[in-house]
Each structure stands twice: as C-alpha cells, then as structure tokens.
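In: Structure for the following, please:
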Amino acid sequence: MEAVNSSVWKWAWLGGCLALTVGCAERARDPLPPPADVCADAPQTTVDFVTQVQPILETKCATCHRPGGIGTFSLQSPEEAKALAPTLRSAVCGRRMPPWPPSNQCNTYAHDRSLTDAQIVTLRDWIDSGADIAGAVAHAPVAPGGLSRVDRELPLPEPYQPTITPDDYRCFLIDWPDTEERFITGFGVEPDQAAEVHHVILFRIAPENTAPLLQADVDDPLPGYSCFGGPNPSTSKKITTLGVPSMVGVWAPGALGVDFPAGLGARMKVGSKLVVQVHYNLAAGMPTVDRSKVLLKVDDTVEREAFLIPFVDPNWVRSAKMNIAAGQKDVFHAFRHVGTDFTDKISAGVLPRTSAFEVHGAVLHMHTRGTWASLSVERHAAPAASQCLLELPRWDFHWQGLYLFDHPQRVEAKDDLRLECHWDNSAPGATELNWGEGTADEMCLGFLLATAPAPE
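Out: Numbers count the residues shown, from 1 in each chain. Purely as a prediction, here's the structure:
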C-alpha cells in the first residue's frame, strides 16, 4: 500500500489517552529468520514441464509477465520462459519473484502470491536440467483474479498522461455515485495502461472533509493533483481539517481485485468522495495516456462494519520524535500501546475501548529508506506472548499492500499492539530524517482491518 497521508496525524484527541506511552522504552527485536535456501539444500529430481512446471509459470508468473503487463518481459509462452530460464532461476531461488513481501513465518495470508518451497524446487530442477519444453501446449492466459461481483465501475474523471519520470504519484477525486448509504465489500482496479500503473490505493473522504481536496484539484492545471504520502496534495502543508484518511483498499499488479472477508464492509456516506492514488512507474517506456477504472463490490448491508485502524506513536507525528540519524546503517523506532484506544476513537465507539476486536488484515508503511518492519499483538494475559500479525523482512516501497489473514486474529481489550520499523540512512550525503509526508522524509505506520468480534 502505498503512502499514507501524514497531514492527518494532528491527533490532539490522542494526547490524553496516550499520556503514558511505553514506545520510547521499547527495545529492538530480531527479525524473523529468513526462509531456507531450498535451491541450495533440496536434492535434484526429475520434473515434467507440462504437468508440473507450466502450471506454475501460468498461475504465478505470467499474470504479470505478459504482453501489456507490469512485468518488463513476458513469460506467457513456454518458449519465452525457456529463453529467460537463467533470469527466472535467480529471481525464484532468491524469492524476489513473484513479489510477496510478508514473512510466511509470521502469519498465513489469503491470496498469497508467493511460491511454496516445493514450487521453487520444481522450477530449479526444470531449469538445471536444461529447461526442456517438449510437449508444451499453448493455453489461454490465466485470468489474474478479481472480484466475485462488480457493482460499480468508476473510471478516472479525466485521462492522464504521467509527467514525472520514473515515478509519478497522482490523486484523482471521484464522486460517490449512490444516493443512499452503502458498504464497499470488495475493491479492484482495471488498469488502462498496465505497463505503467504500478499500484493504486483507494481512500474514502467524508463529505465534511472534501473541500480542501476539491480546491487542490482546481489549483492543479493537470487532471487530479500531485500527491505522494496519500490523499494530501504534495504542494500543500498539512490539511488539519481533512480528518483521518480512511483507506479502502490497495491494488497491486497481478490481480484485478479481491472481496473483503465475508460479511464485512466499509460504510460510504452519501456525498462522500473517493480519492484514487495512482503510482505510475515509467521504467518500461514512454508515458501513455491512462484512464484506469476502480472496480467495487457494493452491498446494502453487512454483518459487521470494517474499519482500517491507523496505529502510530503520536509523538513521532506531533513532536518530531522519530529521529533517524544520518550515517547510520540500522536505525529503529518502536511503539507499543493498548490497541482499543485507537479502535474506539477511529470507529466512533463502534469498537469500544472495553471490548475485544478482530483483525482481518494489516498494512505496514514506510518511505524509501525502510529496511524491515513488523506489527504484532502483545498479550496482556501472558506478558511474554507475542502474536505476529505482519512482518515485512525486505521493505520495498513499490510493493505495498493490505494483507488479509487466512483467519482473523482476536485482540482482547487490554492487549497491546506493537509497531517496529527499521531504516538504513547510511548512503553518502545522507541527512537526518524525521516524520514527514515528502519523499525525503520517513514514516512508520501500521493499519489494521478491524471489526467487532463475530457473534458467538
């Protein structure tokens, strides 16, 4: 998930409830151990291309690496895969492709794009034995996935041709079309220019908070407005009236979209706006006019209202207490606090401070100098017990997302949430960093997709 707007973190309302914070006393933890190097350790076996290798290439590689896709080369045909076998081996054995940042030793996730150890070994054995494609059959391209139902197709208001190379971050305002309150229950994107639309984040903005963004749209002569850290305009100072931005979903290449967990949805008020933040990456060629579409699944009612709860140390934001010294290879900050203090405020009491809640997915966010980050639940009933929710061992600013869990995690009313981020600020000419919304600033921010517990 790409960037999140730092301008909203004028959290005066958190000052009282977080007066006693233990964030500054947290010690750094070791990252989870890296996965085994199965390419080095597993014995060689004989594999069949048609029955074992081709299905992996079609379902895990060619959804992005195809003509017009985000991948810089195609793996759609057996001949293309054979020609690129050495490159494929390096990327697969190094677990760089398919891109899947979460550590699978932390949690298990729905829609996991990564390869299993067995799949990695299968591809290695095929490549090492000569990458034979004898008997290969041409198949229709595998659909990259999508929503179970598309109820709203919302194109960008105007066509836009990226103007900043190699990365252009642009926000577009879309009117919420419904005249009655509804719930978004799934989110996806149909990229118009798949080779340059690197990822998309969707925010919902309440009617009372839309005015400054409408003005930003008017002030920018191009369609939409420039934005880096979320829905806040890059050219403006912090918009204190915007309120907490509510992220609806994140789209990354390789999928058209995903349903929210069954029975969950994000409430959309009449008169709201949607902010579509598009990250255009022009590494693959010259910019092309784009008019991508947002795809939404919408329902009249849901069993439980879902909230994307931000979790961050307010002192980092309010008082510049997230100093990242220049010249340091590994700088860390961590924050731990009772999670229900956040859920109660953001949900306006729907998830009260005195009650447990469920977490269905999580987001971690830093900027370009991050190296790894984690988000966990620290159990009050067993002080030594820590439940890992999401750990990103190799941070990559260009591969952010909302990671849905295979099974929701229950957080009791007295349990703490814990956030930890690490940065490398040792590059030549590095300067001291702190919290901010610009490309030269940094963040350490977690989000949790939270609901009330399921009825017993």
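
In: how about the closest residue to P352 other than its chain neighbours, secondary structure?
Out: Excluding the flanking residues, the one nearest P352 by Cβ to Cβ, 6 or more residues apart in numbering is D344, at 5.6 Å. Bear in mind the C-beta positions are built from the backbone N, C-alpha and C, glycine included. With DSSP: H, G, I helix; E, B strand; the rest coil as the basis, D344 sits in helix.

In: check contacts around D344.
Out: 351-353 (Cβ atoms under 8 Å, 6 or more residues apart in numbering).

In: Just the element for the nearest residue to K414 once chain neighbours are set aside, please.
Out: Spatial nearest neighbour of K414, excluding adjacent residues (Cβ to Cβ, 6+ apart): H380 at 3.8 Å. Under the criterion of DSSP states H and E, H380 resides outside all helices and strands.

In: Low-confidence regions, the stretch 101-250 of the chain specifically.
Out: For the stretch 101-250 of the chain, the stretches flagged by pLDDT under 70 are 142-145, 229, 235-245.

In: repeat that with 50
Out: The stretch 101-250 of the chain contains residues with pLDDT under 50 at 240-241.

In: what are the ranges of the helices in it?
Out: 117-128, 211-219 (DSSP state H, counting those that start in this stretch).

In: Most neighbours among the contacts of D344, which one?
Out: Using other Cβ atoms under 10 Å as the neighbour test, those are led by L351, with 26 neighbours.

In: For the residue nearest the centre of the chain, which non-adjacent residue is spatially closest?
Out: Taking Cα atoms, centre = their mean, the centroid of the chain lies closest to G401, which sits 1.4 Å from it. Closest residue in space to G401, ignoring its immediate chain neighbours: V250 at 4.8 Å, by Cβ to Cβ, 6+ apart.

In: Run a quick neighbour tally on that neighbour.
Out: So V250, with other Cβ under 10 Å, has 21 neighbours.

In: do the same with K414
Out: K414, neighbours per other Cβ under 10 Å, totals 13.

In: before we move on, what about L202?
Out: Neighbour tally, L202, other Cβ under 10 Å: 25.

In: give the contact list for the nearest residue to it once chain neighbours are set aside.
Out: Distance criterion Cβ to Cβ, 6+ apart; nearest residue to L202, sequence neighbours excluded, is V248 at 4.3 Å. Going by Cβ under 8 Å, 6+ apart, V248 touches 184, 187, 202-204, 266, 274, 308.

In: Go again with 7 Å.
Out: V248 makes contact with 184, 187, 202-204, 266, according to Cβ atoms under 7 Å, 6 or more residues apart in numbering.

In: Would you report the backbone torsion angles of the spatially closest residue to V150 that is not a sequence neighbour?
Out: Counting by Cβ to Cβ, 6+ apart, V150 lies nearest to L295, which is 4.9 Å off, once chain neighbours are set aside. Backbone torsions of L295, given as degrees, to the nearest 10, read phi -110, psi 130.

In: picking that back up, T51 is nearest to which of the helices of the stretch 101-250 of the chain?
Out: helix 117-128 (10.4 Å; Cβ to Cβ).

In: ok, now how distant is S426 from K329?
Out: Computed with Cβ to Cβ, to the nearest Å, the distance linking S426 and K329 is 5 Å.

In: okay, the two: which has more neighbours?
Out: S426 (14 against 11).

In: Based on its surroundings, how many neighbours for A118?
Out: A118 has 11 nearby residues by other Cβ under 10 Å.

In: Check the gap between it and T45 for me.
Out: Taking Cβ to Cβ as the measure, A118 falls 10 Å from T45.

In: now do M97
Out: Distance of M97 to T45, given as Cβ to Cβ: 22 Å.

In: Looking only at neighbour counts, state which of the two leads.
Out: M97 (20 against 12).

In: Excluding covalently adjacent residues, which one is nearest to that one?
Out: Closest to M97 by Cβ to Cβ, 6+ apart is A91, at 4.0 Å.

In: Specify the local secondary structure of that neighbour.
Out: helix.

In: Check the one 5 residues further on too.
Out: Using three-state DSSP, the three-state assignment for R96 comes out as coil.

In: any idea of the pLDDT on L402?
Out: With respect to pLDDT, L402 has a value of 85.

In: How about the contacts made by it?
Out: Applying Cβ under 7 Å, 6+ apart to L402 gives the contacts 1, 249-250, 361, 363, 449.

In: if I look at it, how far off is L364?
Out: Distance from L402 to L364, by Cβ to Cβ: 10 Å.

In: got it, and F405?
Out: With Cβ to Cβ as the criterion, F405 and L364 are 14 Å apart.

In: Give me the more crowded residue out of those two.
Out: Higher neighbour count among F405 and L364: L364, with 28 against 19, using other Cβ under 10 Å.

In: ok, that one touching L390?
Out: Yes. Counting by Cβ atoms under 7 Å, L390 is a contact partner of L364 at 5.8 Å.

In: tell me, what's touching those two both at once?
Out: Joint contacts of L364 and L390 (Cβ under 7 Å, 6+ apart) are L375.

In: Could you export the helix or strand where H422 lies as PDB, CA atoms only?
Out: Using DSSP H and E, the element containing H422 is strand 416-425. Coordinates of each C-alpha in strand 416-425 appear next as PDB, following Å, rounded to 0.1, in the frame of the first residue of the first chain:
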ATOM      1  CA  ASP A 416      -1.200  -4.000  23.300                       C
ATOM      2  CA  LEU A 417      -0.400  -3.500  19.700                       C
ATOM      3  CA  ARG A 418       3.300  -3.100  18.800                       C
ATOM      4  CA  LEU A 419       4.900  -1.500  15.800                       C
ATOM      5  CA  GLU A 420       8.600  -1.600  14.900                       C
ATOM      6  CA  CYS A 421      10.400   0.000  11.900                       C
ATOM      7  CA  HIS A 422      14.000  -0.100  10.700                       C
ATOM      8  CA  TRP A 423      15.800   2.200   8.300                       C
ATOM      9  CA  ASP A 424      19.200   2.400   6.600                       C
ATOM     10  CA  ASN A 425      20.300   6.100   6.400                       C
END
